[in-house]
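A.B. asks: Take this sequence and fold it.
(2 chains)
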Amino acid sequence: MVAPVAPTTQTNRAGLTRMDYKGLPSTLCQGCGHNSIANQLIAACYEMDIVPEEIMKFSGIGCSSKSPAYFLNRSFGFNGLHGRMPSLATGALFADKSLRAIGVSGDGDSASIGMGQFKHLVRRNAPMVYIVENNGVYGLTKGQFSATAEIGLELKHQGKNLYMPVDICMEAIASSATFVARSFAGDPKQVKELLKAALSHRGIAVLDIVSPCVTFNNEVNTFHSYTWGKDHEAPLHEISFVPALDDITVEDFEAGTTREVTMHDGSVVLLKKLEKDYDPTNRVEALRMMEKAQRKNWMVTGLIYLETDRPALTDLYNLPATPLNRLGEADLRPPRATLDKINKDMG
Amino acid sequence: MSSIINDFSLTIATVNGSGSQTANTVLLRALFKMGIPVSGKNLFPSNIQGLPTWYTIRVSKDGFVARRDEDEVVVCINLASFDRDLARVQPGGAFFYADDIKLPISRTDISLYPMPVKKLSGEADVSPKLRDYIANMVYVGVVAQMLCIDLAKIRQALDFHFGGKAKAVDSNFATVKAGADWAAANLIKSDPYCVEPMDKTSGLIMTDGNTAAALGTIFGGVQFVAWYPITPASSLAETMNEYLPKLRKNSEGKNTYAVVQAEDELAAIGMTIGAGWGGLRAMTSTSGPGLSLMTEYVGLAYYAEVPVVIWDVQRIGPSTGLPTRTSQSDLSFTYFMGHGDTNQVILLPGSVNECFEFGWRAFDLAERLQTPIFVLIDLDFGMNQWMTEPFTYPEQPPDRGKVLWEADLEKSNGIWARYKDVDGDAIPYRTLPGNKHPASAWFGRGTGHDANARYSEDAKTWEANMSRLRRKYDTARTLVPKPVIDKVEGAEIGIITYGSTVPAAEEAQVLLQQAGGPKSSLLRLRALPGTEEVHEFVKSHQRVYVVEANRDGQLRQILSVEMPDQASKLASACHSDGLPLTARWVKEAILKQEVK
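C.D. replies: Numbering: from 1, shown residues only, chains lettered A, B, ... in the order given. Below you'll find the model as predicted:
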């Protein structure tokens, strides 16, 4: 509804201020990684000129799932059941397929009770950003192991974790995800750029963001802690997002140092090579890289996998341009003569 | 010997998976097309191929369509059930059997008709692959000849079954004809059972409840379906998949609906609720085990006030065992479904025609009341063929309930509250995603919200919300379909029944009188919560029997809670063995209690 306007210092191209993207004050712990992610979501949407009413927010249950209340107050939202946000979002996506959707889940919500729904959401390529705020622990129930906790992790009151962790990104790729990224809440710049890329993707965009729990799982030398992330984060590339509206001058970059990926809406993700070149469009390479990272205990971050030519769920249904939720009787009720014919055939 | 015309039961014993369903429904439809009131029930095992299965057809000049336990005519093609089938023929009845079954027959009180099924089907001009299927047409022909079923009507029924495909109709009919000709030349009729044309089915249609339900939802404007395969509900969604592409494209050839086969019922209901929240006419169809899985999300939909429609085609029990057997035993579970304080609204179609009507009506109620609406039928309604009145086109436009769009919010300067009772009916207003007004958005959650849908743990706020939900249920009581009452002058007792048990209860009224029992009035319940009329009906009778197909008398229990002042008058005639109730059982269950 808001016509694009020239951005001023206070407003973006949608004519909105940063305040228009805020949520309620967070009730999560001071220093929680989830708050940092919520702030980057606000920044990403503001900078991308997204109208908040054109976003739907979804979550399941857990600390992470509380966070949709802390960003985009002007967006519709639904806090569903534990592990079952994917199905809720799947149905809602059909209401108005022009809307974008952001789901916020956690490692408990997605990797345990919600593993089935998560993987089916992914295989259907539902058009939404699916963020897993991953801290290896159940926060809201006070510090039990989650399914992403590393083997051998010791937690107060819980003892030692005996089982292998679930890797969200590998699960996503195994389920034919079309956008898979990992990041670290302690690296807000990368989080924001990946969020922008994810919001430009038409299909499922899985973001596994290591988001430390400062209360229950932040000991030095544990995988999901701030210190481990700061010391061991191994970015695949330096990522920057260039919106479709901006001119890209690749000449700005030294030849051979950058990969360019064009998203559905014409925006471009620039991936600046670091030590090694990494091709995020190669599925086998992605799995091989993650397998290696898992063995070496690296926290590899960046855009791990991207596929832009597979249709999104709601594009498979031959739906009209008018949102389904605005159709009226004329479109929804077949005429009387049709029923007369059916009755005749059954007589 | 005088003939017994249009008044007997015929049961056909075959092997599951042998294609006999076609033959049996062709016989049923041919009788229907002869104008004779008829009903057919498939009594089948949970098995794809090999176990014994029975199909029972009741022919009734008086129009009774309930199942009977007694069989005057039995057709046996299955060696494995031969002895049982032979034993079940009523004295004086007829027993048709495949002549390759070489078992001893000791009965002399019935007519025996061996049939050369193998020989005649071997002569049929079809591929070997189809030979087993076409073998069933031999018994159709023999039985038609011996019971005087019009072969022209058999041909019409084949035409219906094969959708007019001439080749299939011709080859099947040729075998029917061969069977009939053989019987005319080789068998001498010695039993009294036969049929004659009547005019009692003109204007009626014949179909099953799942088909009627699917069509009803389509004419109700269903926009989103999520489902997971389960017996006996699968054919409901499958029939939607069959008809939706034909009936629900807009002028540009675009679909005005979406159907998703979910990964399980947990997801099916989640998707349905997401779509309902998004403003779509959303539904799922399932049976008891699936309903169990849906419980938590249904609770959330009740608390968050999301309109959805849930069809439950009831069957017996969890896990393996009796999934192909009928029952009405999900009533209590559904009525209280969800943890915490919940009251669910349940529609109970009492005919296949009403399955269609409640198909569209359920959406109107769901969107008006912003709550889950359950429609409970069962395997007997869902999967069996019934004669019924033609489907009636909805006489009112769809009721989309209280939805505020951009123009509404502009008028109110953006002032509205998601969970506020503005109109005194306890039903609030809602906005839908995609509404671009800056004040339109709200955040849905289960517990812990105030009238503005803001997070709140305030005790008084929550209690006020819960009491509004209770009042909303009182509003539902005024909006659900009223019962259909057959008030008989001077009736000593009342009978309350619902769903597929109605035909047995209605026939039992007649049997009671014939047996010198009491005169009765009958109330056919069509929804819960019960309306004032139900209370009045109970009040106006000395004793009221609640007739239903479950072990515990679930409706009687619910009515006792709804009208504690009348509870002592309510008695149960309930029974659940996996088969549709018979009128004789109902009569005896009532008489036994009347003697006390």
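
A.B. asks: Now name the helix or strand holding the residue in the stretch 101-250 of chain A that chain B sits nearest to.
C.D. replies: Residue nearest to chain B within the stretch 101-250 of chain A: A:H120 (4.4 Å; Cβ to the nearest Cβ). For the C-beta atoms, the positions are set from N, CA and C on the backbone; glycine is no exception. Element membership of A:H120, judged by DSSP states H and E, is helix A:115-123.

A.B. asks: contact partners of that helix?
C.D. replies: Applying Cβ atoms under 8 Å, 6 or more residues apart in numbering or on different chains, the set of residues contacting helix A:115-123 from outside is A:83-87, A:89-90, A:105, A:110-111, A:128, A:130, A:147, A:166, A:171-172, A:174-177, A:204, A:206, B:262-264, B:266-267, B:270.

A.B. asks: Buried only: go through those for me.
C.D. replies: Buried by 16 or more other Cβ atoms under 10 Å in any protein chain shown: A:83-87, A:89-90, A:105, A:110-111, A:128, A:130, A:147, A:166, A:171-172, A:175, A:177, A:204, A:206, B:262-264, B:266-267, B:270, out of those.

A.B. asks: Of those residues, which belong to strands?
C.D. replies: Counting by DSSP state E, the part of the buried ones among the contacts of helix A:115-123 found in strands is A:S105, A:M128, A:Y130, A:I204, A:V206.

A.B. asks: Could you identify the most distant pair in these?
C.D. replies: A:S105 and A:I204 (12.6 Å; Cβ to Cβ).

A.B. asks: Spit out the residues that contact those two alike.
C.D. replies: Common neighbours of A:S105 and A:I204 (Cβ under 8 Å, 6+ apart) are A:Y130.

A.B. asks: Tell me, what's the model's pLDDT at A:I248?
C.D. replies: Here the pLDDT value assigned to A:I248 is 56.

A.B. asks: Would you map the helices across the stretch 101-250 of chain A?
C.D. replies: With DSSP state H, counting those that start in this stretch as the criterion, the stretch 101-250 of chain A has helices at A:107-111, A:115-123, A:168-174, A:188-199, A:226-232.

A.B. asks: pLDDT weak spots in chain B?
C.D. replies: Applying pLDDT under 70 to chain B picks out residues B:596.

A.B. asks: Next, count neighbours for the residue of the stretch 101-250 of chain A closest to chain B.
C.D. replies: 18 (other Cβ atoms under 10 Å in any protein chain shown).

A.B. asks: and if you look at B:T447?
C.D. replies: Neighbour tally, B:T447, other Cβ under 10 Å: 14.

A.B. asks: and what of B:P518?
C.D. replies: Neighbours of B:P518 (other Cβ under 10 Å): 17.

A.B. asks: Where does it sit: helix, strand or coil?
C.D. replies: Secondary structure, DSSP: H, G, I helix; E, B strand; the rest coil: B:P518 is coil.

A.B. asks: Does it touch B:E594 like I think?
C.D. replies: Yes. Look at B:P518 against B:E594 with Cβ atoms under 8 Å: they come within range, at 6.2 Å.

A.B. asks: intersection of neighbour lists for these two?
C.D. replies: B:I493.

A.B. asks: near chain B, which residues of the stretch 101-250 of chain A?
C.D. replies: A:G116, A:Q117, A:H120 (Cβ under 8 Å from any Cβ of the partner chain).

A.B. asks: so who does B:R281 touch?
C.D. replies: By Cβ under 8 Å, 6+ apart, the residues touching B:R281 are A:L332, B:G220, B:G221, B:V222, B:Q223, B:F224, B:V309, B:F363, B:A366, B:E367, B:P398.

A.B. asks: now do A:N134
C.D. replies: Neighbour list for A:N134: A:G106, A:D107, A:T148, A:I168, A:D208, A:I209, A:V210, A:S211, A:H224 [criterion: Cβ under 8 Å, 6+ apart].

A.B. asks: With pLDDT as added columns, please give the residues you listed in JSON lines.
C.D. replies: Below are the contacts of A:N134 laid out as JSON lines (pLDDT from 0 to 100):
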{"residue": "A:G106", "pLDDT": "97"}
{"residue": "A:D107", "pLDDT": "96"}
{"residue": "A:T148", "pLDDT": "96"}
{"residue": "A:I168", "pLDDT": "97"}
{"residue": "A:D208", "pLDDT": "98"}
{"residue": "A:I209", "pLDDT": "97"}
{"residue": "A:V210", "pLDDT": "96"}
{"residue": "A:S211", "pLDDT": "95"}
{"residue": "A:H224", "pLDDT": "94"}
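
A.B. asks: Tell me the one among those residues nearest to B:G63.
C.D. replies: Nearest to B:G63 among these, counting by Cβ to Cβ, is A:G106 at 61.5 Å.

A.B. asks: Can you tell me how far that closest one is from B:R551?
C.D. replies: For A:G106, the distance to B:R551 (Cβ to Cβ, to the nearest Å) stands at 43 Å.

A.B. asks: Looking only at neighbour counts, state which of the two leads.
C.D. replies: With neighbours defined as other Cβ under 10 Å, A:G106 and B:R551 compare such that A:G106 has more, 35 against 13.

A.B. asks: Measure how buried A:K22 is and give me the count.
C.D. replies: As a burial measure, A:K22 scores 18 neighbours (other Cβ under 10 Å).

A.B. asks: Let me know whether it touches A:A43 as I believe.
C.D. replies: No. Judged on Cβ under 8 Å, A:K22 makes no contact with A:A43 at a distance of 11.0 Å.

A.B. asks: For the residue nearest to the spatial centre of chain B, what is the enclosing helix or strand?
C.D. replies: Geometric centre of chain B, nearest residue: B:F381, 2.5 Å, by Cα atoms, centre = their mean. Here B:F381 sits within helix B:379-383, counting by DSSP H and E.

A.B. asks: And the next helix or strand past that helix?
C.D. replies: Using DSSP H and E, the helix or strand that follows helix B:379-383 towards the C-terminus is strand B:385-388.

A.B. asks: That next one and chain A in contact?
C.D. replies: No. Using Cβ under 8 Å from any Cβ, we find that strand B:385-388 stays clear of chain A, coming within 8.9 Å at best.

A.B. asks: what are the pairing partners of that strand, and which direction each?
C.D. replies: Here strand B:385-388 has these sheet partners by DSSP bridges: strand B:205-208 (antiparallel).

A.B. asks: And the contacts of the partner strand?
C.D. replies: Against strand B:205-208 from outside (Cβ under 8 Å, 6+ apart): A:343, A:346-347, B:28-29, B:32, B:235, B:352, B:381-391.

A.B. asks: Next, the buried residues of the helix holding B:F381.
C.D. replies: Buried, per 16+ other Cβ under 10 Å, within helix B:379-383: B:L379, B:D380, B:F381, B:G382, B:M383.

A.B. asks: I'd like the residues you listed as JSON lines, with distance to B:D486 appended.
C.D. replies: JSON lines is the format used below for these (distance: Cβ to Cβ, whole Å):
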{"residue": "B:L379", "distance to B:D486": "26"}
{"residue": "B:D380", "distance to B:D486": "21"}
{"residue": "B:F381", "distance to B:D486": "20"}
{"residue": "B:G382", "distance to B:D486": "25"}
{"residue": "B:M383", "distance to B:D486": "27"}
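
A.B. asks: mind checking how far B:T272 is from A:Q294?
C.D. replies: 38 Å.

A.B. asks: Same question for B:N550.
C.D. replies: For B:N550, the distance to A:Q294 - Cβ to Cβ - is 54 Å.

A.B. asks: Going by how many neighbours each has, rank the two and give me the top one.
C.D. replies: A count of neighbours by other Cβ under 10 Å puts B:N550 above the other of B:N550 and A:Q294, at 21 against 16.

A.B. asks: Go ahead and list the helix or strand containing the residue with the largest distance to the centre of chain B.
C.D. replies: Taking Cα atoms, centre = their mean, the residue of chain B most remote from its mean C-alpha position is B:N413, at 48.1 Å. For B:N413, there is no host helix or strand (DSSP H and E).
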